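Q: predicted model and sequence follow; I will ask about them next.
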Amino acid sequence: MKHHLPFTALALLVLLSACSEQKAAAPDPVPLTEAALSHYCQMYVAEHSGPKAQIHLEGYPAPLFFAQVRDAVAYLRSPEREAPVTAVYVSNMSVAKSWDEPGASNWIKAGEASFVIDSDAKGGMGAPEVVPFENREDAERFAAERGGTTASLDEIPDETVLSAVEFELPGEESTQ
């Protein structure tokens, strides 16, 4: 029996270590600063109104910031990413001061947010926005006031974030 004890102990240790392997914890959100640049346009994120997003990538010391949540969701749906995604945070519009001041540190996990899609809200870059809320009731109230429907991150249709957008420059009249 003495000969089996070391083997049994070793097997038990191997099993326990395999069971205790865990995925690395997701990084915490980073407060938005005046220096943060939007991933796609390289413009200052804080200069644009509406909700923002940040995506953390494996091996990257800082997150990618987005001036529009729509752009972040498009990035997530794109097959061309620099590295695996470790965390996604969006502005919590349930506690934002206003559309123009969505907040620098009131981030929520995108997977836990309720989004309003297809409303009349335009994001910081002028495209239709995907508006995140921590509370589904707040999202439903926003949708009742501004149009649109509520959806989870996974329920947002690809065409909502990947379709082409016609922009109207300030002072330009629509030809539609």
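A: Sure, I can see it.
Q: the bottom helix or strand of this structure by mean pLDDT?
A: Taking mean pLDDT, DSSP states H and E as the measure, the helices and strands of the chain show their lowest mean at helix 4-20, namely a mean of 43.
Q: following that helix, which helix or strand shows up next?
A: Moving toward the C-terminus from helix 4-20, the next helix or strand (DSSP states H and E) is strand 53-57.
Q: so how far is that next one from its chain's centroid?
A: Taking CA atoms, centre = their mean, to the nearest Å, the mean C-alpha location of strand 53-57 is offset from the chain mean by 7 Å.
Q: direction included, what does that strand pair up with?
A: Sheet pairing for strand 53-57, assigned by DSSP bridges, gives strand 64-66 (antiparallel), strand 85-91 (antiparallel).
Q: from residue 63, how far out is the nearest residue to residue 59 once chain neighbours are set aside?
A: Spatial nearest neighbour of residue 59, chain neighbours left out: residue 83 (5.4 Å); criterion: CB to CB, 6 or more residues apart in numbering. (Each C-beta comes from the backbone N, C-alpha and C, glycine too.) Residue 83 sits 12 Å away from residue 63, going by CB to CB, to the nearest Å.
Q: and for residue 39?
A: Going from residue 39 to residue 63 by CB to CB gives 9 Å.
Q: those two: which is more packed in?
A: Counting neighbours by other CB atoms under 10 Å for residue 39 and for residue 63 shows that residue 63 has the greater number, 22 against 19.
Q: in contact with the more buried one, which residues?
A: Residue 63 makes contact with 27, 29, 30, 54, 55, 56, 57, 87, 89 under the criterion CB atoms under 8 Å, 6 or more residues apart in numbering.
Q: could you rerun that using 7 Å?
A: The contact partners of residue 63, by CB atoms under 7 Å, 6 or more residues apart in numbering, come to 30, 54, 55, 56.
Q: put together JSON lines for the strands paired with strand 53-57, with distance to residue 127, mean neighbour count and mean pLDDT on each row.
A: JSON lines is the format used below for the strands paired with strand 53-57 (distance: least, CB to CB, whole Å; neighbours: other CB atoms under 10 Å; pLDDT from 0 to 100):
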{"stretch": "strand 64-66", "distance to residue 127": "11", "mean neighbour count": "24", "mean pLDDT": "95"}
{"stretch": "strand 85-91", "distance to residue 127": "16", "mean neighbour count": "23", "mean pLDDT": "97"}
